[in-house]
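Undergrad: Here is my input, please return the structure:
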Amino acid sequence: MPKYHMKKKEREILDKNTIIEILKNGKFATISMCRVNEPYIVTLSYGFDLKRNSLYFHSTKKGLKIEFLRENPNVCGTVVDDLGYMMNDCSHKYRSIVFWGKMATVEDLEEKKYGFNIILDHLEENPGKVKKKFLKNEQAYANLCIMRLNIIKMTGKASL
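TA: Got it, this is the predicted structure:
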């Protein structure tokens, strides 16, 4: 596959801290997948793990995205920081990240706990309250699918 470059270089986000800030502040990512010649896209809430350069997601154990990922774990996704439409300007202020990586289903109980903690810490104001409500014991993790997206490459772009 040919390597492309950003056409509007002045919009490229090169500062790694800005890219990390966008991932830390985002609440959902849109993930694209493909199997054979069939595309599929889904938007999921996530938790960003800076230490592992990964995103964690939760899901049911069955469904279309699980089938796609079983056949092809390579994904591409985006997180958008929507800064608002500029009325009468026909313009939109934003910052966005596009990332490529491999998605894996987490099977190990300790990593499931770790991944779910990353998600809740990322999304919730009071993660302990949610943990008490939904994760009363270790059996609760048996029915939970945790997925880890190992980020291989990221690019960032912002409106001027």
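
Undergrad: just the helices in this protein please.
TA: Along the chain, the segments classed as helices by DSSP state H run 16-25, 64-71, 109-123, 127-134.

Undergrad: So what's the gap between the last one and the chain middle?
TA: Pointing back at helix 127-134 there. In terms of CA atoms, centre = their mean, to the nearest Å, the centre of helix 127-134 is found 22 Å from the chain centre.

Undergrad: Compute the mean per-residue pLDDT across the longest strand along the chain, please.
TA: As assigned by DSSP state E, the longest strand anywhere in the chain is strand 91-106. The average of the pLDDT scores along strand 91-106 is 91.

Undergrad: Look up how far His122 lies from the most centrally placed residue in the chain.
TA: Closest to where the C-alpha atoms of the chain average out (CA atoms, centre = their mean) is Ala29, at 4.3 Å. Distance, Ala29 to His122, by CB to CB, to the nearest Å: 11 Å. No exception for glycine: its C-beta is placed from N, CA and C like everyone else's.

Undergrad: Overlap of the contact sets of the two?
TA: Tyr46 (CB atoms under 8 Å, 6 or more residues apart in numbering).

Undergrad: hang on, the earlier thing: confidence-wise, which of the helices of the chain is weakest overall?
TA: helix 127-134 (a mean of 78).

Undergrad: tell me which residues in that helix are buried?
TA: Neighbour-count burial for helix 127-134, counted by 16 or more other CB atoms under 10 Å, picks out 127, 131.

Undergrad: Which residues does it contact?
TA: Residues from elsewhere that reach helix 127-134 (CB under 8 Å, 6+ apart): 117, 120-121, 124, 140.

Undergrad: ok and it relative to helix 109-123, angle-wise?
TA: The directions of helix 127-134 and helix 109-123 differ by 130 degrees, with axes from the mean of the first three to the mean of the last three CA atoms, to 10 degrees as the criterion.

Undergrad: got the CA positions of helix 127-134 in CSV?
TA: Taking Å, rounded to 0.1, in the frame of the first residue of the first chain, the C-alpha atoms of helix 127-134 are listed here in CSV:
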residue,chain,number,x,y,z
PRO,A,127,-15.4,4.9,38.9
GLY,A,128,-15.6,3.2,42.3
LYS,A,129,-19.4,3.6,42.4
VAL,A,130,-19.8,2.0,39.0
LYS,A,131,-17.4,-0.9,39.9
LYS,A,132,-19.5,-1.7,43.0
LYS,A,133,-22.7,-1.6,40.9
PHE,A,134,-21.6,-3.8,38.0
